[in-house]
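**Q** Could you work out the structure for the sequence below:
(2 chains)
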Amino acid sequence: MSDPDNTEDRLRLSLHSHADAVQVEPDSSGLFDRTARDSVHRRRRLGALSVIAVVLVGAAGVLGGQALASSGTKQTTASLAPESAAAPSTGGPSSGAAIAPSAPLNHLFTRTTGDGITIRAYVGQAETAPTCENGCTPAPGTTSTTGAGQPTPTSSLPVPKGAGASSGTISPAASTGTGSLPVMTVPLTPVSPVSTTTTVGAGAGTTSTTAGSGGGATTCTSAPVTIELSTDAAVTTATAAVETPVAGQLVVEASGVFGTAEGNPASWVLVATGSDVASVRLGGAGSDTMTPVDGLAVLAVTGSSAPSVVALDPNGVVLASVPATVSSATLGCAVTGSPPPSSTTVPSTVPPGSNPGGPVTTIPIDPPVNSPPGTALPLADDAVGATGARG
Amino acid sequence: MDEAPTAVASHPGTPDNAPHPDASTAEVPSSPGALPTARRVEFIEFYEKNFASLVRLGTLLTGSPEVALDLVQDSFVRLHRRWPSVDAPLPYVRRSLVNAATSYHRRAALARRHLSTMRPEVGELEPDELFDALANLTQRQRAALVLRFYDDLDDRAIAAALRCRPATVRSLIHRGLGELRKVIDQ
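**A** Numbers count the residues shown, from 1 in each chain, chains lettered A, B, ... in the order given. Below you'll find the model as predicted:
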């Protein structure tokens, strides 16, 4: 075994002898040449990396911009046509006149019902339709009227048997996800001029609709009203063209149900009232009440069916009571006849294309409050021969 | 590209940390490194003072004076790049040289295996034969032995150069000497 100190000494001797054999002189010029080359190489590498980084960042920016542009296009499309976008949080039928609001909307009111349904209403720029001498101008895209003497149903849904020449089929299409209002197809036959009014007997408890004769004054000023309703489970929107009612009138402009798919259905109804209506409320238990704002009120209640709508004067006297479903006649302009002097008129409206001066017909005023989604709403048989008037 | 040392340890017990002498030389080669004149003078003086010893150290680490010369120049280039921010330049360049030697040996693994086949025959050991036996050690063992028995560095300085703990340095030296004793005993 070798001596450890001997090994270390021999190693030290070997290392120093080898190191002493190396004779070099510092070469400053060579060092700085190498430094210069290193600097140039570093600059080139940094330049190349910078170019690569710029290219990558630019490419990423272009790709990101394209992605944003595509998503922005989709959002713009959706925002331009909010009524056609499907939303899973809404469901159930709604009825009324659907329009596409193009003008800016003004906030009308926001309220929360006792059932916790938050309602926001917005109104757009009012538009006055041309004077309707022989009828009303239907809201755009809401109704269609067949030609004179052509009782051809244009609906894809079957016309119920027994429907006469004047009967029609109201086919409420299933509402879209955002609660857009259905397009109703109302084939009509040409009739003599009709002015339909609903007469509510004061305290009599009976209602009847009377189609009076004589050319009534047309009210063709309409404004797009957009409402938003939301619960804890669902939200929906709807837009309707609301005509300006006259004093004493109570018109159901639109109604619907949402939140069915979420298991928390809520019914709502948009009504237009005359200036003398102090408040409106939903009939039945758990009713909702509100004071109309600018002649408009939106009532909502939990449940898949809304009861009737009652109009009250400042003294709490019932002025009118109508079902909380939109009448097909409200899709057009309201045509009011001369109201009876001792009664409050709750106008029904004359469907588009009807002619003034028709026979007076009484039609029932209590149709089903709400129909199941996707079902046709045949007119009551009593309406046959009512010359186009529908309750 | 050889790895440059990332940290510079200060070793107060060594003469490496002596302050740089004042600039007194008028002949200062210009360089594109854009060092201020005073800094450039300091660097050149440090370079001229330590170049030869570092080349010798590199020769012991690599076994080739030519390779050591190239590695030392590269180490000084890296030092020149960081000269304004390096507080202890000699440990920095020594560590840079050790790293460069390690990289060189990693690249020249085939040559090292060729050297390992050239074991000296058993007989009277000459210093050169012991040096060849040193080449058979691992690079870290060789570097530890060279820094200990040529540069006379303590464990902390060697540990700083090898980026390991002083205990590891002691282990490397012990194992390296053991391998050399096996050769000597043969």
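
**Q** Kindly report the residues of chain A close to chain B.
**A** Proximity of chain A to chain B, by Cβ under 8 Å from any Cβ of the partner chain, involves residues A:1-2, A:4, A:7-8, A:10-20, A:22, A:24-32, A:34-36, A:38-40. Just so you know, the C-beta spots here come from the backbone N, C-alpha and C atoms, and that holds for glycine as well.

**Q** care to break the chain down by domain?
**A** No chain specified, so I'll use chain A. Annotated domains of chain A cover A:32-67, A:94-383 [automatic domain parsing].

**Q** My question was about chain B, not that one.
**A** Using automatic domain parsing, the domains assigned to chain B come out as B:33-107, B:111-186.

**Q** tell me the most buried of those domains?
**A** domain B:33-107 (a mean of 21; mean count of other Cβ atoms under 10 Å in any protein chain shown).

**Q** hmm, it touching chain A?
**A** Yes - under the criterion of Cβ under 8 Å from any Cβ, domain B:33-107 makes contact with chain A via B:33, B:44, B:47-48, B:51-52, B:55-57, B:59-60, B:65, B:68-69, B:73-74, B:76-77, B:80-81.

**Q** so of these, which ones are in helices?
**A** B:44, B:47-48, B:51-52, B:55-57, B:59-60, B:65, B:68-69, B:73-74, B:76-77, B:80-81 (DSSP state H).

**Q** Might you list the low-confidence residue ranges for chain B?
**A** Counting by pLDDT under 70, chain B shows low-confidence ranges at B:1-35, B:110-128.

**Q** And the helices in it?
**A** For chain B, the helices defined by DSSP H occupy B:37-62, B:65-81, B:89-107, B:109-116, B:127-135, B:139-149, B:155-162, B:166-185.

**Q** Who are the packing partners of the longest one?
**A** Helix B:37-62 sits against helix A:4-20, helix A:28-80, helix B:65-81, helix B:89-107, helix B:139-149, with contacts defined as 3 or more Cβ pairs under 8 Å, 6 or more residues apart in numbering or on different chains; DSSP states H and E.

**Q** how about those in TSV, adding distance to A:Ile119?
**A** TSV is the format used below for the helices and strands packed on helix B:37-62 (distance: least, Cβ to Cβ, whole Å):
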stretch	distance to A:Ile119
helix A:4-20	94
helix A:28-80	21
helix B:65-81	72
helix B:89-107	75
helix B:139-149	80
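
**Q** Nearest to A:Thr226, out of these?
**A** Between A:Thr226 and the helices and strands packed on helix B:37-62, the shortest gap by Cβ to Cβ is with helix A:28-80, which sits at 13.0 Å.

**Q** now that closest one against helix B:37-62, angle please.
**A** For helix A:28-80 against helix B:37-62, the angle by axes from the mean of the first three to the mean of the last three Cα atoms, to 10 degrees is 100 degrees.

**Q** tell me, how many neighbours does A:Leu63 end up with?
**A** Neighbour count for A:Leu63, taken as other Cβ atoms under 10 Å in any protein chain shown: 10.

**Q** same check, this time on the one 4 residues further on
**A** The number of residues packed around A:Ala67, counting by other Cβ under 10 Å, is 10.

**Q** Over to A:Pro314?
**A** Neighbour count of A:Pro314, defined by other Cβ under 10 Å: 9.

**Q** contacting residues for the residue nearest to it when sequence neighbours are not counted?
**A** Distances taken as Cβ to Cβ, 6 or more residues apart in numbering or on different chains put A:Ala278 closest to A:Pro314, at 4.2 Å, once the chain neighbours are dropped. Neighbouring residues of A:Ala278 by Cβ atoms under 8 Å, 6 or more residues apart in numbering or on different chains: A:291, A:312-314.

**Q** mind listing the strands for the stretch 251-391 of chain A?
**A** With strands called from DSSP state E, counting those that start in this stretch, the stretch 251-391 of chain A shows them at A:266-273, A:279-282, A:289-290, A:296-302, A:309-312, A:318-322, A:334-336, A:344-346, A:362-363, A:377-378.

**Q** May I have the strands that pair with the second one, each with its orientation?
**A** Sheet pairing for strand A:279-282, assigned by DSSP bridges, gives strand A:289-290 (antiparallel), strand A:309-312 (antiparallel).

**Q** okay, those strands in TSV with mean pLDDT and mean neighbour count next?
**A** Shown next, in TSV, are the strands paired with strand A:279-282 (pLDDT from 0 to 100; neighbours: other Cβ atoms under 10 Å in any protein chain shown):
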stretch	mean pLDDT	mean neighbour count
strand A:289-290	88	16
strand A:309-312	85	24
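
**Q** Do I have it right that A:Ser14 meets B:Ala133?
**A** No - counting by Cβ atoms under 8 Å, B:Ala133 is not a contact partner of A:Ser14; they are 9.0 Å apart.

**Q** Taking the residues of chain A next to chain B, please make a ChimeraX selection of just the buried ones.
**A** Of the residues of chain A next to chain B, the buried ones go into a single ChimeraX selection, burial set by 16 or more other Cβ atoms under 10 Å in any protein chain shown:
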select /A:7,8,10,11,14,15,18,19,22,24,26,28,31,32,34,35,38,39
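
**Q** A:Glu253: how many residues sit nearby?
**A** For A:Glu253, the number of neighbouring residues by other Cβ under 10 Å comes to 28.

**Q** what about it, distance to A:Thr325?
**A** Between A:Glu253 and A:Thr325 the distance is 11 Å, computed by Cβ to Cβ, to the nearest Å.

**Q** that older thread, got CSV for the strands of the stretch 251-391 of chain A, with distance to A:Ala223 too?
**A** Output for the strands of the stretch 251-391 of chain A, formatted as CSV (distance: least, Cβ to Cβ, whole Å):
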stretch, distance to A:Ala223
strand A:266-273, 10
strand A:279-282, 18
strand A:289-290, 19
strand A:296-302, 9
strand A:309-312, 20
strand A:318-322, 21
strand A:334-336, 13
strand A:344-346, 21
strand A:362-363, 28
strand A:377-378, 26
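
**Q** For A:Val235, find the nearest of those.
**A** Per Cβ to Cβ, nearest to A:Val235 of the strands of the stretch 251-391 of chain A: strand A:266-273, 10.3 Å.

**Q** quick one: strands adjacent to that closest one?
**A** With DSSP bridges as the test, strand A:266-273 pairs up with strand A:250-258 (antiparallel), strand A:296-302 (antiparallel).

**Q** Give me whichever of the ones you listed is most buried.
**A** Comparing the strands paired with strand A:266-273 by mean neighbour count (mean count of other Cβ under 10 Å), strand A:250-258 comes out on top with a mean of 28.

**Q** now the domains of chain B as a markdown table including distance to A:Ala126?
**A** What follows is these, written out as a markdown table (distance: least, Cβ to Cβ, whole Å):
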| stretch | distance to A:Ala126 |
| --- | --- |
| domain B:33-107 | 76 |
| domain B:111-186 | 83 |
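
**Q** Convert stretch A:19-33 to PDB, retaining C-alpha atoms only.
**A** Only the C-alpha atoms of stretch A:19-33 are listed here, as PDB (Å, rounded to 0.1, in the frame of the first residue of the first chain):
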ATOM      1  CA  ALA A  19       1.900  23.200 -15.600                       C
ATOM      2  CA  ASP A  20       5.400  24.600 -15.600                       C
ATOM      3  CA  ALA A  21       5.900  23.100 -19.000                       C
ATOM      4  CA  VAL A  22       3.200  25.300 -20.400                       C
ATOM      5  CA  GLN A  23       4.600  28.600 -21.500                       C
ATOM      6  CA  VAL A  24       2.100  31.100 -22.800                       C
ATOM      7  CA  GLU A  25       1.900  34.800 -23.200                       C
ATOM      8  CA  PRO A  26      -1.300  36.700 -22.800                       C
ATOM      9  CA  ASP A  27      -2.700  37.800 -26.200                       C
ATOM     10  CA  SER A  28      -4.800  40.800 -25.600                       C
ATOM     11  CA  SER A  29      -5.400  41.500 -29.300                       C
ATOM     12  CA  GLY A  30      -6.500  37.900 -29.800                       C
ATOM     13  CA  LEU A  31      -8.800  38.200 -26.800                       C
ATOM     14  CA  PHE A  32     -10.400  41.400 -28.100                       C
ATOM     15  CA  ASP A  33     -10.800  39.900 -31.600                       C
END
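
**Q** All set, thanks.
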